[in-house]
Structure formats: structure tokens, C-alpha cells
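Q: What follows is a predicted protein model with its sequence.
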Amino acid sequence: MTDPFFFPVSGFDLPRYAGIPTFMRLPHVGLDDPRIRQVRVGLIGLPWDGGTTNRPGPRHGPRQLRDASTMMRAENGATGVRPFEAMACADLGDVPPNPADLMDTMARVTAFYARVVAAGITPVTAGGDHLCSLPILRALAAGGPLGMVHFDSHTDLFHSYFGGTLYTHGTPFRRAVEEGLLDPVRVVQIGIRGTTYDREDRDFARAAGIRVIPIEEFHARGLDDVMAEAREIAGTGATYLSYDIDFVDPAYAPGTGTPEVGGPTSWQALEVVRALDGLNLVGCDLVEVSPPFDPSGGTAFLGASILFEMLCVLARRPAAGRPPAPHGPAQGAAI
């Protein structure tokens with residue numbers, strides 16, 4: 001049983017609108033706190049959108065997601081999982097960004113996550129724009145390339161923007177493949193849709209061996225069939241989960257910078273995470289929640305619910321209560 005110190009504050013004891021809004025009402029444990037040695041999963045805010053190319057705002061996402069996450073309770077009503085009893089979780093605070101220096105911020109992020117990994121903690125990140133994933137992967141993939149399950153409207157595989165800018169929220173996974181952080185044949189991208197500039201990103205995916213499942217295929221085949229393929233692609237090796245909230249149709253998640261119509265419902269948004277049960281996940285992120293475009297707060301509440309589903313999947317790993325084992329070259333099957 002997890003130390004009760006790590007149990008969230010209950011709504012039976014303190015109203016949800018009261019108190020300090022940490023993620024899921026968990027205790028805040030800094031990396032220098034002696035209790036960090038007990039933490040198995042750390043929720044981390046990354047309030048930075050230095051890679052945004054159009055509508056800014058995800059830098060404010062972690063604060064809004066923390067507030068929305070106070071509505072999460074002890075048990076998953078659909079699966080029965082009680083994540084906070086299965087493993088010690090804590091809010092590790094925010095990575096302090098440098099909003100004036102993109103490269104410095106990425107270095108700060110990688111250094112922060114290197115400490116998280118060294119402490120044996122699985123990070124679950126609330127962004128921030130999708131460029132946040134790149135410096136996180138630089139820390140998590142230090143022991144070898146990872147597989148990745150990626151939910152998004154966009155591949156984020158473009159080479160560059162604006163005549164040669166290599167680091168934007170449209171390029172992180174191109175860089176991650178080039179840097180050897182991802183094993184492309186163990187990467188699957190689900191929900192891709194919308195108008196395009198050209199086919200450069202798809203051509204790169206095809207050449208590298210990345211499996212792209214466009215939204216038309218997702219709807220035609222059905223969620224269960226698509227997610228069975230995603231699990232097969234990821235295989236048994238160390239895998240990262242990256243979830244852009246614009247994967248979800250803007251009717252359910254309008255609060256994001258680059259919405260695309262025709263996406264999944266809010267129910268499907270939760271189900272795709274539940275379908276990852278059993279994968280060897282070594283980290284997760286949820287990105288691109290943009291409070292300026294979320295006046296009702298519904299996008300953030302959906303995002304917080306997705307983060308909770310991630311915790312429930314992590315809680316069911318065989319080693320949920322222990323530090324993740326070091327990983328070497330990934331093992332998995334490509335389709």
C-alpha cells in the first residue's frame with residue numbers, strides 16, 4: 001500500500017475549490033525533497049510555448065490543467081483502477097522555462113528530466129506546446145531509442161519552418177528521429193488530418209518506417225482495431241506516449257492553437273489511452289491545451305481526465321510500484 005502521504009486530498013475533507021490546486025490534489029514534492037525517493041510517478045508542468053507558430057497560449061496550460069484536475073477522484077469509474085493506491089504519485093512542480101531563449105529552455109527541460117529519470121520516476125507532463133516533447137525525449141532516451149504512440153491531428157515531422165527554423169511545435173519528432181531518440185519502426189501516429197502544405201512530412205514518415213494512421217482510417221476501422229495495431233507496433237520495448245489535445249475534435253476541445261475538425265469524441269479520447277494497457281510506458285505527455293481559447297474550461301477538464309487515464313495505465317504496469325528498469329535497444333514489431 002502506498003504511503004498515505006501521497007494520497008490526494010479528498011473532496012469529502014476539503015471542497016474542491018479550496019486549497020492549493022496541485023495536479024490531482026497530490027502533494028507537491030520537489031526534486032530536492034527527501035520524499036522524492038518514494039515517488040514512482042511524477043506529474044510535471046512545462047509552461048512553455050516557444051515553438052508555437054500561430055496561436056499562442058499553451059504556456060498557460062499547466063496552471064489551468066492543475067485547477068481542472070482537482071475534480072479527479074480516487075477510482076476510475078470505467079476500469080476500477082485506483083492509481084494513487086497502486087503507486088506513489090506527486091506533483092513535482094514546473095520546469096522553469098526561459099521564455100526569451102528557446103535553446104536554453106530545452107536544455108533546462110532535459111536537465112530537469114534527467115534528474116527525474118535518475119530518481120527512478122516515470123514523468124507525466126502537462127505542456128506546453130508540442131516542442132516540449134523533444135527535450136523530454138532527450139532525457140528519457142539516454143539509454144536507447146524509444147517507441148512512441150502519438151495522438152495528434154498533425155505528424156509534427158516537418159523539417160523546418162520559415163526558411164530554416166528547425167525547432168517548432170511542427171518539427172519535434174523529425175528531430176527526435178534524426179537524433180536517435182525514437183525508433184521509427186516502433187512509432188505510430190494516430191488521428192492525422194486537416195489541410196496540408198505539402199506531403200513532405202508524410203514522405204519522411206514513409207521513408208523512415210513510421211506508421212501514420214489518418215483519421216479516415218481510424219473512423220473506418222474502429223478504435224479497437226486501430227489500437228490493437230498500435231500496441232503491436234510499440235511492442236514490449238520502452239515506449240513514450242505523446243498526446244496533443246488537438247487529436248480530439250474541436251467540438252469537444254476548442255482550447256488549442258491548431259484545431260482540426262473531424263476528430264474523435266471526448267469518450268474516444270479516453271478510450272484510446274485505456275487501450276494502451278500493458279505497454280511498457282516510460283513517460284507520457286499531454287500538450288497544446290491553450291486557456292485563451294478555452295473560455296468554458298472544458299478543454300482543460302478533458303485534458304485533466306486524459307492525464308488521469310494515463311496514471312491508471314501506468315498503475316497497471318507489472319512494476320508500477322518500483323522504479324522503471326533501465327532500457328537498452330528496444331524490442332518490438334513493425335507492421
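A: Right, received. Where do you want to start?
Q: Taking the centroid of this protein, which residue is nearest it?
A: residue 285 (1.5 Å; Cα atoms, centre = their mean).
Q: just checking, that residue touches residue 303?
A: No - using Cβ atoms under 8 Å, residue 285 makes no contact with residue 303, being 11.0 Å away. To be clear about C-beta, it is placed using only N, CA and C from the backbone, and glycine gets the same treatment.
Q: so what's in contact with those two at the same time?
A: Shared contacts of residue 285 and residue 303 (Cβ atoms under 8 Å, 6 or more residues apart in numbering): residue 126.
Q: Then residue 17 would be within a helix, right?
A: No - according to DSSP: H, G, I helix; E, B strand; the rest coil, the state of residue 17 is coil, so it is not within a helix.
Q: number of nearby residues for it?
A: 9 (other Cβ atoms under 10 Å).
Q: what does residue 3 give?
A: For residue 3, the neighbour count with other Cβ under 10 Å is 9.
Q: I'd say it and residue 90 touch.
A: No - counting by Cβ under 8 Å, residue 3 stays clear of residue 90, with 10.6 Å between them.
Q: Kindly point out which residues are neighbours of both of these two.
A: With Cβ under 8 Å, 6+ apart, residue 3 and residue 90 have no common neighbours.
Q: which stretches of the stretch 51-200 of the chain form strands?
A: 89-94, 122-127, 146-151, 182-192 (DSSP state E, counting those that start in this stretch).
Q: Of all the ones you listed, which one comes closest to residue 59?
A: Closest to residue 59 of those is strand 122-127 (Cβ to Cβ; 8.8 Å).
Q: the inter-axis angle of that closest one versus strand 89-94?
A: Following axes from the mean of the first three to the mean of the last three Cα atoms, to 10 degrees, one obtains 50 degrees for the angle between strand 122-127 and strand 89-94.
Q: List the contacts of strand 122-127.
A: With Cβ under 8 Å, 6+ apart as the test, strand 122-127 has contacts from 23, 40-46, 48-49, 58, 61-62, 65-66, 92, 113, 116-117, 132-133, 136, 140, 281-289, 303, 307, 310-311, 314, 324.
Q: who does it pair up with?
A: Strand pairing for strand 122-127, determined by DSSP bridges: strand 41-46 (parallel), strand 281-287 (parallel).
Q: right, so of the ones you listed, which gets closest to residue 261?
A: strand 281-287 (19.6 Å).
Q: List the contacts of the closest one.
A: Strand 281-287 is contacted by residues 46, 58, 61, 65, 122-130, 132-133, 136, 140, 146, 238-245, 303, 306-307, 310, 313-314, 317, 324, 327 when judged by Cβ under 8 Å, 6+ apart.
Q: go again using 6 Å as the cut-off
A: Contact with strand 281-287 is made by 123-128, 130, 132-133, 140, 238-244, 303, 306-307, 310, 324, as judged by Cβ atoms under 6 Å, 6 or more residues apart in numbering.
Q: Distance from whatever helix or strand comes next after it to the middle of the chain?
A: Going down the chain from strand 281-287, the next helix or strand is helix 298-315, by DSSP states H and E. Computed by Cα atoms, centre = their mean, to the nearest Å, the chain-centroid distance of helix 298-315 equals 10 Å.
Q: and helix 298-315, which residues are buried?
A: Along helix 298-315, these residues count as buried under the neighbour rule (16 or more other Cβ atoms under 10 Å): 299-315.
Q: check contacts around residue 40.
A: Counting by Cβ under 6 Å, 6+ apart, residue 40 touches 87-88.
Q: What of residue 54?
A: Here residue 54 is in contact with residue 257 (criterion: Cβ under 6 Å, 6+ apart).
Q: What's the separation between it and residue 37?
A: 42 Å (Cβ to Cβ, to the nearest Å).
Q: Could you do residue 175 as well?
A: 33 Å.
Q: Tell me which of these two has more neighbours.
A: Between residue 175 and residue 37, counted using other Cβ under 10 Å, residue 175 has the larger neighbour count: 20 against 12.
Q: Need the per-residue pLDDT for that one.
A: For residue 175, the model assigns a pLDDT of 98.
Q: Apart from its chain neighbours, what residue comes closest to it?
A: Nearest non-adjacent residue to residue 175, counting by Cβ to Cβ, 6 or more residues apart in numbering: residue 134, 5.6 Å away.
Q: from memory that neighbour sits against residue 173, does it?
A: No - counting by Cβ atoms under 6 Å, residue 134 does not reach residue 173; the two are 7.9 Å apart.
Q: If you count surrounding residues, which of the two has more?
A: The neighbour comparison of residue 134 against residue 173 (other Cβ under 10 Å) goes to residue 173, with 31 against 23.
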